[in-house]
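[1] sequence below, structure please.
(chains A and B)
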Amino acid sequence: MHPPLSLIWFFLTAGTSIGLFSFIYLTDFLSLFGLNTSLPPNMILFSCVISLVLIALGAIGASFHLGHKLRAWKAIKRFHTSWLSREAVFSGAYGFTLLLYGVSYYFNLHPAVQHFFGISTLLLGWLSAFSTAMIYASNRFVLEWNTSLTVLYYLNMYLMLGSSAFLATAYHYKPELIKPYLLLALLFVFLGLALRIAFNVRQFFLKRPTINEALNLPHNRPVKVLDTGTTTNNYCTEEFYYRRGKEMLSFVLPLAYIFTFVIPLMLLLYSLISANYKYAFYALAYASLFVGSALERWSFFVEGNHVQNLFYGLYPEEGYRLRKGYMEKKKTKISLRS
Amino acid sequence: MAQFALVIDLNTCVGCHACATNCKEWNTQASFGPLSDFDPYGREPQGVWYNRIMTYEVGEFPNTQVFHLPKSCLHCQDAPCVPVCPTGASYKREQDGIVLVNYDDCIGCKLCSWSCPYGCREFDEADKVMKKCTLCIDRIYDETLPPEHRKPACVLTCPARARFFGDIEDPSSEAYKVIKERNGFVLFPDMGTNPANHYLPRTETKVHIDEHLLKPENPLFLEVVQRHYKGG
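    Below you'll find the predicted structure:
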């Protein structure tokens, strides 16, 4: 699949926004139970502004993916069936309640009002994230994406981005929170690594359809694409098969692993083990995650193989090779009829 | 419920691209046009086509067969492109089962094309909306046309008469009859889309090499003799 840069941008901005807000709000929420986790109002306001700006930038960036940006409001119409519609509604509502939450904090309204907006924002943010993940996971024609791992990994990435951004913020406003949250950040990065490996390993075991199944032909007949009817690429070959990306994937995917997992893990682990709580570690960990996640999302798109590629002979051949038992070679003989 | 569809006879289709060309011609100038073209006379011509013809070879040499597969929107009965559309621009008509796109509502998010296992939707980069085969809905209901002309452009133009059009739920229609009589099949049956467009399978064609091939006048005489004596 061709990676749309606007969707990668939306992932990074929405991921940081929702992730950061979640940690901010939940930490503050815990203080209701008598824990010493109440955050300075400045920290909450600062994080709200950052989250709001990011989700707004994400929405603007994502609109570049649309052919008609001014009609984007119409995306609320199919809420009952379309995950994209749900994503649009939930992410819009998330931004709105986030603004109200920030306003309620700025004017120091009654705590009940603040927490009402806080809980609403948290729920809407995660519903938005879940809807975005489901757009990919529910597509049963891209087998690499069509798994619950896609959703779990996607949501965990939001937590990875959010927890490292929280660490960098907490350093300035409430340094005593760094130690416990460092453990959380490490946990999410480890979990992310495990889920990403599972996502990649799963691709080796996929039972892929063959061109025979696409054309509804018996399995024992080899089929070869002779001509796709056009002299150059068309929409289908460009949107669903990114040749340049496929060539670069073996280079980009290891880089994505290094930036998303290896570097943040090393930085956070070093900080934890050496008890050296420096701002630079968290800022670098977030920056590395940001770059790594961009590369990882790019790889996610390029790794996806749409089944329509079968008609163009551009689908991976593993399935075909795995079923070689069916491809018994028959001896043929040309004979003259007397 | 009626379900209009095309039935394509793979045994007769010669891959002349007349259906695709006439489809492009009609749909560019009629109610749903234009279908944009980019660099049409240059090195990399690209454009929107509702109908594309693929050519495949089946079997192993020398027992191979070549067939042509014209592929346009299959107007699936359980069309996966419809529920994913966030604006409702993509819809399936109840009265005849034709899947259409309302260009005024389409926001060009491309998600419907991601949800089509056949690659039968194309994004028009000039109009920034998704486009697809309409089964020439502007022809088939046009009462100003003579009844025999109320068919999709591809059906009317096919020189080999490889295309049939009709209601595949109506036993009196031509499309229904040929599907039943000649074992019509659909593409990708496992995808759960229940496509309406059907294809008629190729029948086995046996070729016998007769003795006249061994006449010295035959330009392939030497090759045939060599194969014959090698027991090829």
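
[2] give the other helices and strands that the helix or strand in which residue A:112 is found contacts.
    Counting by DSSP states H and E, the element that carries residue A:112 is helix A:111-137. Other helices and strands packing on helix A:111-137, by 3 or more C-beta pairs under 8 Å, 6 or more residues apart in numbering or on different chains; DSSP states H and E, are helix A:5-30, helix A:83-106, helix A:148-173. Every residue, glycine included, has its C-beta placed from N, CA and C.

[3] tabulate those in TSV, adding columns for mean pLDDT.
    Listed next are the helices and strands packed on helix A:111-137 as TSV, based on pLDDT from 0 to 100:
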stretch	mean pLDDT
helix A:5-30	94
helix A:83-106	95
helix A:148-173	93
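
[4] looking at those helices, which is closest to chain B?
    helix A:83-106 (3.8 Å; C-beta to the nearest C-beta).

[5] got the angle for that closest one vs helix A:5-30?
    Calculated by axes from the mean of the first three to the mean of the last three C-alpha atoms, to 10 degrees, helix A:83-106 forms an angle of 40 degrees with helix A:5-30.

[6] next, format the helices and strands packed on helix A:111-137 as JSON lines and append mean neighbour count and distance to residue A:115.
    Below are these laid out as JSON lines (neighbours: other C-beta atoms under 10 Å in any protein chain shown; distance: least, C-beta to C-beta, whole Å):
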{"stretch": "helix A:5-30", "mean neighbour count": "22", "distance to residue A:115": "7"}
{"stretch": "helix A:83-106", "mean neighbour count": "21", "distance to residue A:115": "9"}
{"stretch": "helix A:148-173", "mean neighbour count": "22", "distance to residue A:115": "19"}
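
[7] how about CSV for those helices, with distance to residue B:67 added?
    Output for these, formatted as CSV (distance: least, C-beta to C-beta, whole Å):
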stretch, distance to residue B:67
helix A:5-30, 38
helix A:83-106, 37
helix A:148-173, 37
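
[8] now the ones you listed as CSV including distance to chain B?
    Below are these laid out as CSV (distance: least, C-beta to the nearest C-beta, whole Å):
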stretch, distance to chain B
helix A:5-30, 10
helix A:83-106, 4
helix A:148-173, 14
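
[9] those: which one's closest to residue B:99?
    Across these, residue B:99 has its closest neighbour in helix A:83-106 (18.1 Å, C-beta to C-beta).

[10] quick one: contacts for residue B:81?
    Neighbouring residues of residue B:81 by C-beta atoms under 8 Å, 6 or more residues apart in numbering or on different chains: B:90, B:99, B:112, B:113, B:115, B:116, B:121.

[11] ok, it to chain A distance?
    Distance of residue B:81 to chain A, computed by C-beta to the nearest C-beta, to the nearest Å: 10 Å.

[12] same question, residue B:190
    Remark: distance between residue B:190 and chain A (C-beta to the nearest C-beta) = 6 Å.

[13] if we ignore the residues flanking it in sequence, what's nearest that residue?
    Excluding the flanking residues, the one nearest residue B:190 by C-beta to C-beta, 6 or more residues apart in numbering or on different chains is residue A:213, at 6.1 Å.

[14] show the residue spans covered by the strands in chain B.
    Listed in chain order, the strands of chain B (DSSP state E) span B:4-9, B:37-38, B:46-47, B:52-60, B:63-71, B:90-92, B:99-101, B:121-124, B:129-132, B:163-167, B:198-200.

[15] return the fourth one as CSV; C-alpha atoms alone will do.
    What it means is strand B:52-60. In CSV, the C-alpha atoms belonging to strand B:52-60 read as follows (Å, rounded to 0.1, in the frame of the first residue of the first chain):
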residue,chain,number,x,y,z
ARG,B,52,-9.8,-2.7,-17.7
ILE,B,53,-8.8,-5.8,-19.6
MET,B,54,-6.3,-8.2,-18.2
THR,B,55,-4.7,-11.0,-20.1
TYR,B,56,-3.6,-14.3,-18.4
GLU,B,57,-2.0,-17.5,-19.5
VAL,B,58,-3.1,-20.7,-17.8
GLY,B,59,-1.3,-24.0,-17.9
GLU,B,60,2.3,-25.0,-18.6
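
[16] quick one: distance of that strand to the chain centre.
    Here strand B:52-60 is found 14 Å from its chain centre; the criterion is C-alpha atoms, centre = their mean, to the nearest Å.

[17] what's the longest helix in chain B?
    When chain B is parsed with DSSP state H, its longest helix is helix B:18-29.

[18] in terms of secondary structure, what does it contact?
    For helix B:18-29, the packing partners by 3+ C-beta pairs under 8 Å, 6+ apart come out as strand B:52-60, helix B:153-157.

[19] and of these, who's closest to chain A?
    Using C-beta to the nearest C-beta, the helices and strands packed on helix B:18-29 put strand B:52-60 closest to chain A, at 3.9 Å.

[20] give the rounded mean pLDDT of that closest one.
    Averaged across strand B:52-60, the pLDDT comes to 91.

[21] ok, stretch B:112-131 next?
    Average pLDDT, stretch B:112-131: 94.

[22] for it, how far is the first residue from the last?
    Length of stretch B:112-131, first residue to last, C-alpha to C-alpha, to the nearest Å: 10 Å.

[23] contacts (any at all) between chain A and it?
    Yes - residues of stretch B:112-131 are located near chain A by C-beta under 8 Å from any C-beta of the partner chain, namely B:113, B:114, B:115, B:116, B:117, B:118, B:119, B:122, B:123, B:127, B:128, B:129.

[24] which of those residues has the most neighbours?
    Using other C-beta atoms under 10 Å in any protein chain shown as the neighbour criterion, residue B:116 leads the residues of stretch B:112-131 next to chain A with 28 neighbours.
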